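Colleague: return atomic coordinates for the entry below.
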Amino acid sequence: MRPRDLFFFLRFWGVPLFQNRTWEGSTRLTLDASELPDEMDLASSEYMQSFTFRLRGRERVFLQKIEKAIKKLDEGVFGVCDDCEEPISIKRLEARPETELCIRCKEDQERMERDFA
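Modeller: Reported below is the predicted structural model:
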C-alpha cells in the first residue's frame, strides 16, 4: 500500500469511534406484561425488543471488525487479504475499510456459503 493511501486510512480510522455515539447499555430490555394493556401491545413490545437485540448484535460485530482493521493498521498489514495475502484494491478499501478479504476471495467465500446453505 502506498504511503498516501495508508495516510488516508489512518486519518479515516483516527476519528474517535464513539464521538457522536451515545450507548445506552443500561436501557431496560425486559418486558413486564402488567405494564402493557393488551396482547397487541405486548406483541409489539416483544418485536421491538427482538429488533433492538439484533441491531446491537450487528453493531457489536461491526465494531469488532473496525477494531481488527485498526490493529492491522498498527501492525502495518492493513489492506492485505487474510486468505491469499494479496493487496486489497484501494477502491474496495474505500468502500469497506473494515474488509478482510480481497474481492476475489470474498466472491469465493460467498459462493461457498451459497452452495452449502
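Colleague: buried stuff in whichever helix or strand Ile70 is part of?
Modeller: Per DSSP states H and E: Ile70 is located in helix 39-75. Within helix 39-75, the residues that qualify as buried are 69-70, 72-73, counting by 16 or more other CB atoms under 10 Å. Using the backbone N, CA and C atoms, a C-beta is placed for each residue, glycine as well.
Colleague: ok, so of the residues you listed, who is nearest Glu110?
Modeller: Relative to Glu110, the closest of the buried residues of helix 39-75 is Ala69; by CB to CB it sits at 20.0 Å.
Colleague: and the closest one, how far is that from Glu100?
Modeller: 8 Å (CB to CB, to the nearest Å).
Colleague: give me the low-pLDDT residue ranges for the protein?
Modeller: 1-37, 117 (pLDDT under 70).
Colleague: packing partners for the helix holding Ile70?
Modeller: Where contact means 3 or more CB pairs under 8 Å, 6 or more residues apart in numbering; DSSP states H and E, helix 39-75 is packed against helix 3-14.
Colleague: quick one: Asp83 is in a helix?
Modeller: No: under DSSP: H, G, I helix; E, B strand; the rest coil, Asp83 falls outside any helix and is assigned coil.
Colleague: that one - how many residues pack around it?
Modeller: 13 (other CB atoms under 10 Å).
Colleague: how about it, nearest residue that isn't a chain neighbour?
Modeller: Sequence neighbours aside, Cys105 is the residue nearest to Asp83 in space, at 4.3 Å (criterion: CB to CB, 6 or more residues apart in numbering).
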